[in-house]
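1. My questions concern the predicted model and sequence given below.
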Amino acid sequence: WRAVPRPPSSAASGGPPALAGSGASYGETGAAASTTAGRWGCVGAVVARHETLPTRFPVGGGEPRQVIEPASGVPLALHDHTQQPVGHALRDHAKQDGRRPFDLAQGPLFRAALLRLAGDEAVLVLSFHHIVADGWSYELLAREVAALYQGCVSGAAPDVPPLPVQYADFAAWQREWLAG
């Protein structure tokens, strides 16, 4: 797996990472389909690790409030781009995804899509609203998805250390520090 540069999308979603690899098992049926679901369960594992991803921000009493939802199944949109050159497929997907708004009140504030390319090549594209992931976070999330994917494929324990702190904990510390 490797990170793939992607054309910038809208300001609301930042510059989401794309992960590419061979043998991504897109569009299989029967027993192979359950293998595919297991392989892409790595996206759900990343969501379960990071409280910001299943978070939404409804307005109550005129003020937005943070609601961290339980991590649940991550919808994985499947797109067949086998008839397009890779660069066109990524650019077209980035344009379409960049036009889709995120609903802060309802969530989710991230999207996952698997783009089937030529042969057994596929690209996993993760899009985030900037309120739940920033540019620094993209690299971290891409590395975690890649490590968790390798674990799913090989059956080995993934090489991702436990998170020492969640973002909400950091934000609370920062508020206290700024308050003096």
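-> That came in fine, so what should we check first?
2. Any stretches of the protein with poor pLDDT?
-> Low-confidence segments of the chain, defined by pLDDT under 70: 1-40.
3. what about 90?
-> Counting by pLDDT under 90, the chain contains low-confidence residues at 1-52, 60, 62-63, 70-100, 107-108, 110-175, 180.
4. Next, name the residue at the spatial heart of it.
-> residue 126 (3.7 Å; Cα atoms, centre = their mean).
5. Determine the three-state secondary structure at it.
-> On the three-state scheme (DSSP: H, G, I helix; E, B strand; the rest coil), residue 126 is labelled strand.
6. For residue 102, which non-adjacent residue is closest in space?
-> residue 129 (4.1 Å; Cβ to Cβ, 6 or more residues apart in numbering). No exception for glycine: its C-beta is placed from N, CA and C like everyone else's.
7. Quick check, residue 68 in contact with residue 51.
-> Yes. Applying Cβ atoms under 8 Å, one finds residue 68 in contact with residue 51, separated by 5.0 Å.
8. neighbour-wise, which of those two wins?
-> More crowded of residue 68 and residue 51, by other Cβ atoms under 10 Å: residue 51, with 18 against 14.
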